[in-house]
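> Predicted model follows, preceded by the sequence.
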Amino acid sequence: MKRIFYVLGLLLVTTLTIGSCGGTKDTVSITEAEKKAFQQEEGDTLKIADEETEYEIIIIEPGFQTWLQSIARPEGYYSQTFLETRNRIYVTNWNNRALSPMQFDPNLYQMQINYEPNIDYGYEVNYKLYNYFIYFQRKYNQRLGPFLPRI
């Protein structure tokens, strides 16, 4: 089976402080259930594999699997086209940040993601990758695209 990428979560995260410039900010409200998933400290490892396409993702992030099962929209909610479009945007921004450790926290963006837009990874891989990006943005207060990371 081909491994296309690993997304490594952080076991220890430096507290990020985001200052205000006096302008209005878009905010995402975090529910108590999400906060509980974000505070989970035990390691979660989620392996996403598509047997038909032979691609897989391994995500190591405390709380992600709990969040995926209890908070995220269910499989089938989004179309594969929607997921692929968003994943392209998120992967591009993620990789740009991974390549700029002086500008972006290298503890958050530890490695690049090898996601090729011309490869069909299947629904499950795209669904779980998309949801990891939503989880990541909400947990670490990051923006990987022009839209708010909503559930």
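That came through fine.
> Remind me which helix or strand the spatially most central residue of the chain belongs to.
In the chain, the residue lying closest to the centroid (Cα atoms, centre = their mean) is residue 133, at 1.9 Å. If you go by DSSP states H and E, residue 133 is part of helix 123-140.
> May I have that helix as CSV, with CA atoms only?
Output in CSV follows, covering the C-alpha atoms of helix 123-140 (Å, rounded to 0.1, in the frame of the first residue of the first chain):
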residue,chain,number,x,y,z
TYR,A,123,-14.2,9.6,-0.7
GLU,A,124,-13.0,8.3,2.7
VAL,A,125,-9.5,9.7,2.4
ASN,A,126,-10.8,13.1,1.3
TYR,A,127,-13.5,13.1,3.9
LYS,A,128,-11.2,12.4,6.8
LEU,A,129,-8.4,14.7,5.5
TYR,A,130,-10.9,17.5,5.2
ASN,A,131,-12.2,16.9,8.7
TYR,A,132,-8.7,16.9,10.0
PHE,A,133,-8.1,20.3,8.5
ILE,A,134,-11.4,21.6,10.1
TYR,A,135,-10.4,20.1,13.5
PHE,A,136,-6.9,21.5,13.2
GLN,A,137,-8.1,25.0,12.4
ARG,A,138,-10.6,25.0,15.2
LYS,A,139,-8.3,23.6,17.8
TYR,A,140,-5.3,25.7,17.1
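> for that helix, packing partners?
The contact analysis (3 or more Cβ pairs under 8 Å, 6 or more residues apart in numbering; DSSP states H and E) places helix 123-140 against helix 32-38, strand 45-50, strand 55-60, helix 64-70, helix 80-98. Heads up, the C-betas are built off the backbone N, CA and C, glycines and all.
> Tell me who's in contact with the spatially closest residue to residue 34 that is not a sequence neighbour.
Of all residues not flanking residue 34 in the chain, residue 71 sits nearest, at 5.6 Å (Cβ to Cβ, 6 or more residues apart in numbering). Residue 71 makes contact with 31, 33, 34, 37, 151, according to Cβ atoms under 8 Å, 6 or more residues apart in numbering.
> Report the separation between the third one and residue 98.
This points to residue 34. Distance of residue 34 to residue 98, computed by Cβ to Cβ, to the nearest Å: 25 Å.
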